[in-house]
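In: Following is a predicted model, sequence given first.
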Amino acid sequence: MRIQFGKARSMQAPNVPARSPRSARTFTLIVCAVATTLLAGISAASQQDTDSRARAVVSRMTLDEKVEQMHGIHDKDRYRLVPGIPRLGIPDFDVTNGPAGAGPGGAGTQKPATALPSPIALAATWDIQLARQYGEVAGAESLDIGNSLLEAPTINIARLPQNGRTFEGYGEDPYLTGQLSAFNIQGIQSKGELANVKHFAANSQETDRFVVNEIIDERALREIYLPAFETSIKVGHSASVMCAYPRVNDVYDCENDFFLRQVLRKEWGFQGFVTSDFGATHSTAGSLQAGLDLEMPTGLYYGDPLKAAVEAGEIPVSLVDEALVRRYRAMMQFGLFDHAPIPQPLPAQQDGQIARRIAEAGIVLLKNTGGILPLDTSHLKSIAVIGPYAKEANTGGGGSSHVTPLYTVAPGEGIKNRAGSTISVSFADGSDLTQASALARSADVAIVMVGDVASEGRDHPLTLDGNQDALVNAVAAANPRTIVVLKSGSPMLLPWVGVVPALLEAWYPGEEDGNAVAAILFGDVNPSGKLPITFPKNLNDTPAHTPAQWPGVDQVARYTEGIFVGYRYYDAQNIEPLFPFGFGLSYTTFTYKNLRVAPTAIALKENSPRTIGVEFDVTNSGTVAGAEIAELYVGLPGTADVPEPPKQLKGFAKADLKPGETKHVTFSLDARDFSYWNVTTHAWAILPGSVKIMVGGSSRDLPLETTIRIR
C-alpha cells in the first residue's frame, strides 16, 4: 500500500445542500487523494448567484437595519446573537464557541454537547482524518443546537507553553497546525456550519491580552504566525475569520489593514467575512476600512457611532454594504439563509465514540521503562488509582471553550470496568501523602493521575500545583511499578520523571476520559500519539524566557526569538529537551529504510511548479500491531543575514502496520517548502545550496537522511 501525504491540494468550500436528517449523518475516513472529491467546489455561477442575491437583500435595507446587522446583542436573555430581520427573510445569526466542541452560544445558555478531547490532544494524533471527524462532530452538533457559526478552530502557534490557551490550539509548528486546521474546517463546513478560524493573528498570551503590543519582525510573521491561517483559507476555505485582541507592531488586530485587507483578502483571496473577538474592536472607521465585518458581542463601535459616521459622511455606506454582503453571501452558500438551524437531539453515544477514538489516538506514551505497559490482567490482583485527576473526567480547560458534556466516564470507572471483577481497584485523591503511599504499597500497580486545568484569561506556571510533585515521588517510593498519567493542557516541568518507569500524556481527554486512558493502559489500543509541542527540562530553556519576551515590559512583548519558536529554537541552541517535538513511544517498534529523493539537484524559483519526491519504507519490526507517524523535515541553507533552524517539519503521514508489515510512504515537496521570507523584497525567496532531507519518528530521531542541491 502506498500512503501519499504531501501538500494538501487546494479545495473549494463545500456546496452544502438543504439540511439532511440527523440520523443519516455518517463519518468517513478520508485520505488526501480523495479529499477534493468529497469537497466538491461551488461553481463560479453559484458564487455569482449568491453574491447577487446578497446584494439584492442589502439594497432593500434601511440604514437602521444595516447598522443593527453589523453587531451582536447582549442582554439578560440573548447573547452571541445577531437578531434577524423577518421582513427581509434575514434569519437570526447565532454563534457558539467551539474549539473543543459546541460550547457557550446561542440564546445565552450553555447546552450540553460532546466534550471532545482538547485540541492539543487532536494535534497529538497527527491525523488529518481525525481532524476532519473532530470538525464533523463539532460542526454538526453546533448546527443541531441551533447555531449558524462555530468559533473554531483556534490555531495560534504555541510560542510559549505558559499560554493559558495552549490547550485550545495545535502546538508549536505552523505546518502541522495548518494541515490539522484545514481538515478540521472542512469537517465543520461539510455539515453546513460556518467555521471561524481564530485568533488572527499572533494571539500568543493571555497576560495583558486586551492591550499588549507584540513587536514581531516581518519574517517571523510570515514563516511562523501566518502560514497556518493561510492554509486555513487556501485549503480549508474557512467561511470566516476572527480577529484577535492584541496589537501587532502598534496596530490592533481588528483594525489592522495589513492583516485584514492586504494579506487576508488581497494576497490570500479570502472571500468570507471577519468577526471580532469579543471586545476586540477599538474603532469605527478604522476597523471598517481595514475589513472588520461584524463586531461582537455588541455594537460599541458598530452601533450608534457607525450610524452617526455614515450620516455625517465620514464613512461611505458602501463599506457597510460590502461587510453585510460578505456575511450574507457565506450564509447563503451554506444554506443558512433558507434553512435556519433547527434544534434537535444530539447522538450522544455515536459522537462519544468518535471522541473516544480521538482521545486514544492523542495519548502520548512518553516513558515505558522495562515494558511495564501495557498492563497484563493475568498477572494483576490489585491496582491503586491515586491523584486529584483520578476521580472525575477531565473534559477540558476553562474559559469560552468549555463544553458541558452530554455524559462523562470517570477515570476510575474506566479502569475498573476494563480490569474486570477479579482485580481489586482502590482509590485515593492523593491529598494525604501517607494514605496514598500506603495504598500504593499494598497494590501490584499504582497509577497516579496528575495535571492542571488551564484557562482562557490567564497564563500559568509550568509546575503542577498543590502537592502533586510530592505525591508522585511518594507513590513511586512506595511502589516501583508506578505509572503516571499526566492530564495537562501544555508541557509541564516534571522533576520526578526519572523515578517513575512509565508516563503517559493524556492532555484533557474529554468526556470519554476513563475509557480512553484505560484502553491505552491495558493495551487495547497501542499508543500512537506524538508531541505537537516540546517539553522543556528547565524554564529557562524555553525560547521566550525573558521578561521582555513574555509577558512583556510596559505592555510591550518583543518576539526577539524571531523564527526560532519551539523545536527550531532547541535545535539551533543545542538544548536537550525533556521530550522533543514529534516524540512518542509505542508498544511495538518501527524501522525506516530505503530513502529515495528525486531529483537530487533541481533549479527552483519561489513560484516554480516543479516538485521533489521523497519516498521510503516503514516497517513494524515488533510483535504488536500499531500506527507510526512518519515525519519529514527539511534543513535549509542559511546565512548570517538569513539564519535557518537545523530542521523544519514539511510533511507527516500515519501508517497502520501489523507486525512485520511494511508500507511505502511518499511525499511531494514544492518550492514553498524550500523558501524563506525575504524582508527586503517582501516576498518568498529561495537560497541556493545544499538542503538536508530527514525522515524518522521524531524531530530528534531521524535515521534517514540525504542531501540535495537547489540551484
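Out: Yep, it's here.
In: what ranges of the stretch 401-550 of the chain fall below the confidence cut-off?
Out: Nowhere does the stretch 401-550 of the chain drop to pLDDT under 70.
In: As a check, name the ranges of all strands in it.
Out: 424-428, 445-451, 482-487, 502-505 (DSSP state E, counting those that start in this stretch).
In: among those, which is nearest residue 647?
Out: Among the strands of the stretch 401-550 of the chain, strand 502-505 comes nearest to residue 647, with 22.6 Å by CB to CB. C-betas here are computed from N, CA, C, even on glycine.
In: Now the element after the lowest-mean-pLDDT helix or strand in the chain, going C-ward?
Out: Using mean pLDDT, DSSP states H and E, the weakest-scoring helix or strand in the chain turns out to be helix 32-38, at a mean of 33. Per DSSP states H and E, the first helix or strand lying C-terminal to helix 32-38 is helix 44-59.
In: How about residues contacting the next helix or strand along the chain from that following helix?
Out: Downstream of helix 44-59, the next assigned helix or strand under DSSP H and E is helix 63-68. Contacts to helix 63-68, defined as CB atoms under 8 Å, 6 or more residues apart in numbering, come from residues 58, 83, 85, 88, 299, 302-304, 306-307, 310-311, 317, 320-321, 324.
In: Would you agree residue 299 is in contact with residue 69?
Out: No. Taking contacts as CB atoms under 8 Å, residue 299 lies outside contact range of residue 69: 10.1 Å.
In: Go ahead and measure how far stretch 272-280 is from the middle of the chain.
Out: Relative to its parent chain, stretch 272-280 has a centroid offset of 19 Å by CA atoms, centre = their mean, to the nearest Å.
In: just the strands in the stretch 51-200 of the chain please.
Out: Going by DSSP E, counting those that start in this stretch, the stretch 51-200 of the chain shows strands at 81-82, 93-97, 149-151, 194-200.
In: wouldn't residue 342 be in contact with residue 145 here?
Out: No. The pair residue 342 / residue 145 is not scored as a contact, 10.2 Å apart, by CB under 8 Å.
In: Between the two, which has more neighbouring residues?
Out: residue 145 (23 against 10; other CB atoms under 10 Å).
In: Domain boundaries for the chain, per the record?
Out: 28-333, 355-541, 588-710 (automatic domain parsing).
In: Distance to residue 561 added to those, as TSV?
Out: Shown next, in TSV, are the domains of the chain (distance: least, CB to CB, whole Å):
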stretch	distance to residue 561
domain 28-333	8
domain 355-541	12
domain 588-710	11
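In: Residue 577 is nearest to which of those?
Out: Closest among those, using CB to CB: domain 355-541, at 4.9 Å.
In: end to end, how far does the closest one reach?
Out: One end of domain 355-541 sits 34 Å from the other (CA to CA, to the nearest Å).
In: those strands in the stretch 601-711 of the chain, which residues are they?
Out: 601-602, 612-620, 626-635, 648-657, 662-669, 676-678, 683-685, 689-696, 704-710.
In: Kindly reformat those as a markdown table containing distance to residue 229, mean neighbour count and mean pLDDT.
Out: Shown next, in a markdown table, are the strands of the stretch 601-711 of the chain (distance: least, CB to CB, whole Å; neighbours: other CB atoms under 10 Å; pLDDT from 0 to 100):
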| stretch | distance to residue 229 | mean neighbour count | mean pLDDT |
| --- | --- | --- | --- |
| strand 601-602 | 29 | 13 | 94 |
| strand 612-620 | 26 | 21 | 98 |
| strand 626-635 | 21 | 23 | 98 |
| strand 648-657 | 17 | 21 | 98 |
| strand 662-669 | 21 | 19 | 98 |
| strand 676-678 | 15 | 20 | 97 |
| strand 683-685 | 16 | 15 | 96 |
| strand 689-696 | 26 | 19 | 98 |
| strand 704-710 | 27 | 16 | 97 |
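In: If anything else comes up later, I'll come back, but that's it for now.
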